[in-house]
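Enquirer: got a predicted model here, sequence first, then my questions.
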Amino acid sequence: MLAPVLTIDGPSGAGKGTVSRLVAKKLGWHYLDSGSIYRSVAIAIQKASINLGDISEIVKVTQAMVLEFECADALIVKLNGINITDQLGLESTGNIASQVAAIPEVRAILLQKQKDFRQLPGLVADGRDMGTVVFSDAENKVFLTASAEKRAERRYKQLIEKEIDANLATIKSEIEARDCRDMERENAPLAMASDALYIDSSDMTINSVVEEVLNLIR
Ligand code: C5P
């Protein structure tokens, strides 16, 4: 029996990660942070000093990559046996991830790795193409977005809380550049599935978004 899936797609900083984790916890379902898989490719190519223009080497590294996800208190990700959790959240990692994510061969290699997360009792999958490509047959789909200003402000606050130096204007322009790349690529672009529930979280609390998503499942 195929496990049920709830997909949550949307642009960077809309709150997908936080909402998905909370919903998965409430439902007792598994959680797939598909962005972390693309981010792992970004780290792998940086470690191997591969140029972003060298598609065939990027494809080789993606094929050879062994990823392990461990759920302790927080998610731990290991790439070829090495803990890369701390590097995953960096802005630079996200920017490189969105460039490798535009390579069709990379997406094709990562497709099965993502589908393997579909396990009983259910899966909450967060990303850009969860409802349109990877789990297009999902029973429940959400497209979660927020204005670019709000998304930049949230990211800025997160970085400042972690005592990482940040500039709001730079973050906003990087977020917009990344969204643009994600929406305009030919292969599996960021788009709302026709059967998805649209939620704009600009003026909503995390809890009210979680409630709205849980209502959809109920
Ligand atoms: O969600 P996150 O910011 O971690 O994703 C990093 C990048 O990975 C995105 O900007 C996007 O280019 C890519 N990605 C993707 N498809 C997904 C998830 C992430 O192309 N399903």
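Expert: Arrived safely, thanks for sending.

Enquirer: any chance you could map the helices in the protein?
Expert: 16-27, 34-47, 55-64, 85-88, 91-100, 104-115, 148-161, 168-184, 206-217 (DSSP state H).

Enquirer: the ligand is nearest to which of those helices?
Expert: Relative to the ligand, the nearest member of the helices of the chain by CB to the nearest ligand atom is helix 34-47, separated by 2.2 Å. To be clear about C-beta, it is placed using only N, CA and C from the backbone, and glycine gets the same treatment.

Enquirer: ok, Thr62 - contacts?
Expert: Residues counted as contacts of Thr62 (CB atoms under 8 Å, 6 or more residues apart in numbering) are 41, 44, 100, 105-106, 109-110.

Enquirer: now for the residues you listed: which two are most distant?
Expert: Ala44 and Glu105 (14.5 Å; CB to CB).

Enquirer: looking at the two, which has the bigger crowd around it?
Expert: The neighbour comparison of Ala44 against Glu105 (other CB atoms under 10 Å) goes to Ala44, with 21 against 15.

Enquirer: what's the spacing between Lys162 and the ligand?
Expert: According to CB to the nearest ligand atom, to the nearest Å, Lys162 stands 16 Å off from the ligand.

Enquirer: mind pulling up the pLDDT for that residue?
Expert: pLDDT for Lys162: 81.

Enquirer: with Glu176 instead?
Expert: Here, the pLDDT recorded for Glu176 equals 92.

Enquirer: excluding chain neighbours, what is closest to it?
Expert: In space, and not counting its chain neighbours, Glu176 is closest to Ala148: 5.6 Å by CB to CB, 6 or more residues apart in numbering.

Enquirer: do Leu22 as well
Expert: Per CB to CB, 6+ apart, closest to Leu22 is Val210, 4.9 Å.

Enquirer: the one you found and Asp182, how far apart?
Expert: The gap separating Val210 from Asp182 is 24 Å, by CB to CB, to the nearest Å.

Enquirer: Pro4 too?
Expert: Relative to Asp182, and taking CB to CB, Pro4 is found at 26 Å.

Enquirer: please apply the same query to Asp73.
Expert: Counting by CB to CB - Asp73 and Asp182 are separated by 30 Å.

Enquirer: ok, Thr205 - how many residues close by?
Expert: What Thr205 shows, counting by other CB under 10 Å, is a neighbour count of 10.

Enquirer: in terms of pLDDT, where does it sit?
Expert: 95.

Enquirer: the one 3 residues further on now?
Expert: Note on Ser208: pLDDT of 97.

Enquirer: and it, what does it touch?
Expert: Applying CB under 8 Å, 6+ apart, no residues qualify as near Ser208.

Enquirer: repeat that for Val124.
Expert: 5-6, 8, 20-21, 23-24, 27, 29-32.
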